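S.K.: A structural model of the following input is requested.
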Amino acid sequence: MTPDTTLEHARQHFLEGIGHFEAGRLDAARVSFEASLAHAPGRPSVLMNLGITLCGLKQWPDAVAVLQRALAADAGQADAWFALGLSHEAQAQWADAAQALARGLALHAARPDLWMKCGDCQANAGRADDALRSYERVIEFDPQSAAAWSARGGLRRDLGQLDEAARCFERAIELGADPELHGYYLAAVRGAQSPAAPPRAYVETLFDQYAVDFESHLVDQLQYRGHEWLVRPLVESGRRWRAVLDLGCGTGLCGPLLARHAEAIDGVDLSAAMLARARALGLYRELVHADLGNFLADTDRRADLVLAADVFIYVGALDEVFRHVRRILEPGGRFAFTVELAADGDAFRLLPSLRYAHSEAYLRRLADTHGFAVREIRCAPLRQNQQAPLDALYVYLE
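M.R.: Next comes the predicted model:
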């Protein structure tokens, strides 16, 4: 086959690939682009189109490899940078995603959808200032973007700029953002009356997204040891627990600590992704995907130990929780949990962190109301918060 014939075959396969791609036949487009490369290896235009096709097929690692080759040969292709960024984003490679999207936007800025993606990736990579600039570019292109106003408000809240955060959340609501969710955000930054509970969708989405990195972030980065310090006195007592109920069990941090000291451990959590991680441990008898309050109200199970390690930070009012835990506990059973510490003047308060804090006076009042004896309440660190220890109450009721 002559060089001219080889190049003509490459061109024909390339054009076939373009036709398949435009018609949405991505598998066929991949075959055609690969055939074109077999005749003319390394052609940047073919590599770019193959990489974009692989991105469309959600074959993320292959897309990254091909697109990197294409851009090494021709770095002036915005669409290739965008596809590379989206492929990194799909694999939670936030810094690489943000860098690629920014390169594409430098070539073709009029893409508010991709400025939004870029801001999200920058925020996830810990680059708050860059993320703010990206969200502000979205607003420049589309002042009616409720999502951008909301994201901007979240970053302003994280930076402690609470008045500006409130303005952003109010604007997001005006533009049609979820009023329940954004009302919750507003309560956190305004210090107004705290809602009794967060929106279910907020907590469920938060922890489904957080499931993969949950333990490494909480335990390694934030030095969280609350589960260990909560469980240690229960283990050291020498008591063997017949039935343990682990409320908000998450990925199952408490399971390994109690496995040798309990006949059965059951867990309940709002996040299906978290429960999948807990299930993989093989330590829980049953794992239930449910809202904690609804589960406690409906369950007829009995337990002699109910745990809630770092759970009530996402539950405001605890009266119903106490009432139902008291109902299901066996005589002499224990209720052990942690809360972030609020001033005694507050029963509970929603903090700008979007977590709740509870006062010792409030917990003692609930214990007395619902027939619990207070075995111990002690104050100790829970984890790091902005490189300083965060105090919590460790509470043991009977």
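S.K.: make it CA atoms for all contacts and neighbour counts henceforth
M.R.: OK.
S.K.: can you name the element that comes right after the one helix or strand in the chain whose mean pLDDT sits lowest?
M.R.: Using mean pLDDT, DSSP states H and E, the weakest-scoring helix or strand in the chain turns out to be helix 214-215, at a mean of 53. Moving toward the C-terminus from helix 214-215, the next helix or strand (DSSP states H and E) is helix 226-236.
S.K.: which residues are contacting the longest helix along the chain?
M.R.: Secondary structure of the chain per DSSP state H: the longest helix is helix 3-22. Helix 3-22 has contacts (Cα atoms under 8 Å, 6 or more residues apart in numbering) with 26, 28-33, 35-40, 46, 49, 53.
S.K.: any buried residues in it, and which?
M.R.: 9-21 (16 or more other Cα atoms under 10 Å).
S.K.: which outside residues touch the next helix or strand after it?
M.R.: Where DSSP H and E defines the elements, the next helix or strand beyond helix 3-22 is helix 26-39. Helix 26-39 is contacted from outside by 6-7, 9-14, 16-21, 43, 46-47, 49-50, 53-54, 56-57, using Cα under 8 Å, 6+ apart.
S.K.: need the contact list for Trp241.
M.R.: The contact partners of Trp241, taken as Cα under 8 Å, 6+ apart, are 261-264, 304-305.
S.K.: and those, which two are the farthest apart?
M.R.: Greatest spacing in those, by Cα to Cα: His261 and Asp304 (12.4 Å).
S.K.: which stretches of the stretch 201-350 of the chain have low pLDDT?
M.R.: For the stretch 201-350 of the chain, applying pLDDT under 70 flags the ranges 210-223, 344.
S.K.: ok, which stretches of it are helices?
M.R.: 214-215, 226-236, 255-258, 272-279, 292-298, 319-328 (DSSP state H, counting those that start in this stretch).
S.K.: with mean neighbour count and distance to Thr369 added, can I get those in a markdown table?
M.R.: Listed next are those as a markdown table, based on neighbours: other Cα atoms under 10 Å; distance: least, Cα to Cα, whole Å:
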| stretch | mean neighbour count | distance to Thr369 |
| --- | --- | --- |
| helix 214-215 | 16 | 35 |
| helix 226-236 | 16 | 23 |
| helix 255-258 | 18 | 29 |
| helix 272-279 | 20 | 33 |
| helix 292-298 | 15 | 18 |
| helix 319-328 | 18 | 9 |
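S.K.: how about those, which one is nearest Val311?
M.R.: Closest among the helices of the stretch 201-350 of the chain, using Cα to Cα: helix 292-298, at 9.6 Å.
S.K.: same for that closest one, what does it pack against?
M.R.: Other elements packing on helix 292-298 under the criterion 3 or more Cα pairs under 8 Å, 6 or more residues apart in numbering; DSSP states H and E are strand 265-269, helix 319-328.
S.K.: which one of these lies nearest to Ser359?
M.R.: helix 319-328 (13.4 Å).
S.K.: and Arg301, its phi and psi?
M.R.: Phi and psi for Arg301, reported as degrees, to the nearest 10, are phi -70, psi 160.
S.K.: Val321 versus that one, what's the distance?
M.R.: Noted for Arg301: a distance of 15 Å to Val321, by Cα to Cα, to the nearest Å.
S.K.: need the nearest residue in space to Val46, chain neighbours excluded.
M.R.: Leaving out its chain neighbours, the residue that sits closest to Val46 by Cα to Cα, 6 or more residues apart in numbering is Phe33, at 6.2 Å.
S.K.: oh, I was asking about Ala90
M.R.: Trp60 (7.2 Å).
S.K.: how close does the one you found get to Glu89?
M.R.: 9 Å.
S.K.: next one: Gly333
M.R.: For Gly333, the distance to Glu89 equals 47 Å [Cα to Cα].
S.K.: cool, Glu236 as well?
M.R.: Remark: distance between Glu236 and Glu89 (Cα to Cα) = 45 Å.
S.K.: any idea what Gly267 is bridged to?
M.R.: Applying DSSP bridges to Gly267 yields these beta-bridge partners: Asp246, Leu287.
S.K.: tell me the contacts of it?
M.R.: Neighbours of Gly267 in contact, by Cα under 8 Å, 6+ apart: 245-249, 284, 286-288.
S.K.: then Arg152?
M.R.: Here Arg152 is in contact with 132, 135-136, 165, 168 (Cα under 8 Å, 6+ apart).
S.K.: picking up where we left off before, ok, the contacts of Gly267 vs Ser145, which is closest?
M.R.: Using Cα to Cα, the contacts of Gly267 come closest to Ser145 at Gly248, 34.4 Å.
S.K.: turn the buried residues of helix 3-22 into CSV, columns for distance to Val189 and pLDDT.
M.R.: Converted to CSV, the buried residues of helix 3-22 look like this (distance: Cα to Cα, whole Å; pLDDT from 0 to 100):
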residue, distance to Val189, pLDDT
His9, 63, 85
Ala10, 60, 87
Arg11, 59, 91
Gln12, 60, 94
His13, 58, 93
Phe14, 55, 93
Leu15, 56, 94
Glu16, 56, 94
Gly17, 52, 93
Ile18, 51, 95
Gly19, 52, 95
His20, 51, 94
Phe21, 48, 95
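S.K.: which of these lies closest to Glu228?
M.R.: Minimum distance to Glu228 across those is 53.9 Å, recorded for Phe21 (Cα to Cα).
S.K.: from Gly51, how far off is that closest one?
M.R.: From Phe21 to Gly51 the distance is 12 Å (Cα to Cα).
S.K.: can you pull out the strands in the stretch 251-398 of the chain?
M.R.: Remark: strands assigned in the stretch 251-398 of the chain by DSSP state E, counting those that start in this stretch are 265-269, 286-289, 303-308, 329-341, 348-350, 356-358, 374-385, 388-397.
S.K.: single out the most deeply packed of those.
M.R.: The highest mean neighbour count among the strands of the stretch 251-398 of the chain, using mean count of other Cα atoms under 10 Å, belongs to strand 348-350: a mean of 28.
S.K.: list the neighbouring strands of it plus their orientation.
M.R.: strand 356-358 (antiparallel).
S.K.: distance from the partner strand to the middle of the chain?
M.R.: 20 Å (Cα atoms, centre = their mean, to the nearest Å).
S.K.: kindly report the same for stretch 150-164.
M.R.: 18 Å.
S.K.: again with stretch 10-20
M.R.: 41 Å.
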